[in-house]
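In: sequence and predicted structure, then a few things I'm wondering about:
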Amino acid sequence: MKISPTLGVLMSLAAVGSLALTGCATPATSSSASVQPSQASARPAKAAAVEAATGDPQRCAALAGRQIAGTAVSEARYYSVGEPMKPLNLPNRVDFCMVTFVAKPTAASAIKIEVWLPNAWNRKFVGVGGGGFSGSYAVSSIALTPAVSQGYAAVVTDAGHDASDDAAWALGQPDKIADYGYRSNHIAAELGKAVSQAYYGAGVERAYFKGCSNGGRDALMLAQRYPADYDAIVVGAPAHRFTDLMSSFAQYGQMVEALPAIDALAPKLAMLREAVLVRCDDRDGLKDGLIAEPDKCAFDPGEVACADGQTENCLTAQELALVRTIYRGVSTPDGRQVMPGLSPGSEYEWTNWVAGAKAGGPGMGREFFRNMVYSDPSWSFGRFDVARDSAAAQARAGSDVDAVDTDLRPFLRRGGKILFHHGWDDAAIPPASTIGYFEAASRSAGGLADTSMRLFMMPGVAHCSDGKGPDYVDFLGALDTWVETGQAPDRLVAAKHQNRLSIYTGQTPTVVRTRPLCAWPRSASYSGSGSGDDAANFVCR
């Protein structure tokens with residue numbers, strides 16, 4: 001399978017939910033309405049200064065060729081309101097100076113970095129992670145416009161290579177793998193802050209990073225390796241166990257290819273999900289097509305196994321084995337779990353991610369093993385052995401791409417804040433993987449965890465966004481409020497929009513459902529009265 005170069009980025013920037021929608025003011029999504037402070041103490045709030053910078057195309061253009069933190073500015077261009085911005089050619093919403101660099105930390109490196117500097121600066125800086133095998137440079141107008149419209153200076157990278165349909169860029173290129181794995185976003189943070197200082201004549205007061213999927217891995221990699229780069233981070237559905245995730249994708253690809261027909265399971269997934277809903281939908285007190293606590297859903301797919309001679313609306317023995325593996329997760333023959341399984345209720349997403357002929361997960365797994373592990377473009381799932389190859393993946397690529405260190409104290413002791421989120425219906429990255437990391441990191445953090453870390457699980461939300469449930473939260477706004485006030489959020493409100501695409505065209509979205517998100521391990525339960533589409537009628541328990 002080939003992977004669209006912008007699709008991988010957009011899969012995580014769909015979470016651009018949290019950036020792309022921050023400019024949309026609705027009662028359900030405003031920071032003031034969605035963040036409820038805890039009593040935990042944190043560092044004193046620091047007033048954010050707003051620097052009024054007069055738009056000056058000449059001053060912007062003068063940056064071109066200038067050496068900033070040891071790297072030359074390759075281009076500096078001023079954009080006015082209304083100019084069309086690629087890739088969607090939507091009109092620009094704010095006057096800003098765009099500065100680009102090509103950083104070369106090694107002879108093989110060529111990291112493209114783009115920094116947007118708005119006229120009216122709030123003295124804050126935001127880095128945005130990528131998705132799939134790519135950075136978010138190719139979709140910078142989608143990734144950066146909302147934050148820059150609010151006064152943030154912002155930066156993206158291409159992760160050290162042009163967006164492509166595959167991972168061939170990594171073949172025989174250890175330096176490019178390191179650039180992708182951890183180096184690009186660190187260099188971008190340094191250059192972004194330095195050029196902000198040069199342009200505005202004042203330093204950055206607050207620096208935030210956010211990303212989902214591989215962007216969530218980017219965020220954790222920064223906190224683990226470069227704890228001084230950012231003051232706070234949003235970590236969405238992180239692919240932090242990257243090598244294990246790719247091994248699980250390869251296992252699913254092998255099992256799907258072994259079915260009598262590669263798409264045999266796809267038509268049965270709606271039936272499977274209905275059986276799950278019958279078992280677990282109303283556990284939160286409301287039958288609404290959303291499972292609030294999938295981790296407590298005791299569903300056995302054997303309930304829909306085919307009887308003798310039956311083949312319709314049921315799972316054959318081979319299909320049942322695959323389904324059990326997807327729920328249970330991938331393990332080696334000796335019982336070592338490589339990756340947790342997917343949650344009950346996520347079945348409608350399986351065709352896209354794990355169980356279809358063109359599923360994105362196996363496609364990424366194949367590219368990973370071909371180009372980052374074995375340097376063999378002919379490698380196929382038929383050669384995959386989970387014990388041998390998962391170990392080889394960790395040994396050969398893990399040091400560059402795995403962000404698995406759970407000791408975040410160097411970051412937290414600086415006052416760092418981490419806001420995790422993950423959709424329960426994610427069929428790309430298992431929710432249990434994020435929960436496991438969060439709980440392990442909380443144990444390592446000790447007393448710092450209560451004031452510095454929060455996890456919000458999102459019922460009905462697929463990979464980073466979309467799905468059946470309310471999928472938009474102003475995570476950047478919540479993070480900023482947390483840092484500025486020192487009050488950790490224990491309850492956020494998520495919204496579901498009817499016309500989500502209108503957000504990217506500057507129109508006002510229509511909110512059709514809201515639901516509270518509760519800080520882990522609590523979850524939202526229906527109070528018993530009022531509309532099930534109104535967050536006000538739910539409580540955190």
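Out: Great, that's in hand.
In: return the set of buried residues in stretch 59-68.
Out: For stretch 59-68, burial by neighbour count (16 or more other C-beta atoms under 10 Å) applies to 60, 63, 68. C-beta: built from backbone N, CA, C; applies to glycine.
In: in helices, which of these appear?
Out: Taking DSSP state H, the ones among the buried residues of stretch 59-68 that sit in helices are residue 60.
In: okay if I get the buried residues of stretch 59-68 as a markdown table plus pLDDT?
Out: As requested, the buried residues of stretch 59-68 are exported to a markdown table (pLDDT from 0 to 100):
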| residue | pLDDT |
| --- | --- |
| 60 | 96 |
| 63 | 97 |
| 68 | 97 |
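In: just the buried residues of stretch 59-68 now: which is nearest residue 99?
Out: For the buried residues of stretch 59-68, the minimum distance to residue 99 (C-beta to C-beta) is 5.7 Å, reached by residue 63.
In: next, that closest one: phi, psi?
Out: Main-chain dihedrals, residue 63, degrees, to the nearest 10: phi -70, psi -20.
In: mind listing what it touches?
Out: Contact analysis of residue 63 by C-beta atoms under 8 Å, 6 or more residues apart in numbering lists 73, 76, 97, 99, 195, 198-199.
In: for residue 265, give its distance to residue 321.
Out: According to C-beta to C-beta, to the nearest Å, residue 265 and residue 321 sit 11 Å apart.
In: so for these two, which sits in the more crowded spot?
Out: It is residue 265, of residue 265 and residue 321, that has more neighbours when counted by other C-beta atoms under 10 Å, with 26 against 15.
In: show me where the stretch 151-300 of the chain has strands.
Out: Taking DSSP state E, counting those that start in this stretch, the strands of the stretch 151-300 of the chain run over residues 153-157, 206-212, 232-236.
In: the first one pairs with which strands, parallel or anti?
Out: The strands beside strand 153-157 in its sheet (DSSP bridges) come out as strand 111-118 (antiparallel), strand 124-128 (parallel).
In: highest average neighbour count across the ones you listed?
Out: Highest mean neighbour count of those: strand 124-128, a mean of 29 (counted as mean count of other C-beta atoms under 10 Å).
In: can you name the next helix or strand after that one?
Out: As assigned by DSSP states H and E, the chain's next helix or strand after strand 124-128 is helix 140-149.
In: just to revisit the earlier point, for residue 314, state which of the buried residues of stretch 59-68 is nearest.
Out: Of all those, residue 314 sits closest to residue 68, with 63.0 Å by C-beta to C-beta.
In: OK, contacts around that closest one?
Out: By C-beta under 8 Å, 6+ apart, residue 68 lies in contact with 101, 191, 194-195, 198.
In: 7 Å instead, please
Out: 191, 194-195, 198 (C-beta atoms under 7 Å, 6 or more residues apart in numbering).
In: got the residues you listed as JSON lines, with neighbour count columns?
Out: As requested, the contacts of residue 68 are exported to JSON lines (neighbours: other C-beta atoms under 10 Å):
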{"residue": "191", "neighbour count": "23"}
{"residue": "194", "neighbour count": "19"}
{"residue": "195", "neighbour count": "25"}
{"residue": "198", "neighbour count": "17"}
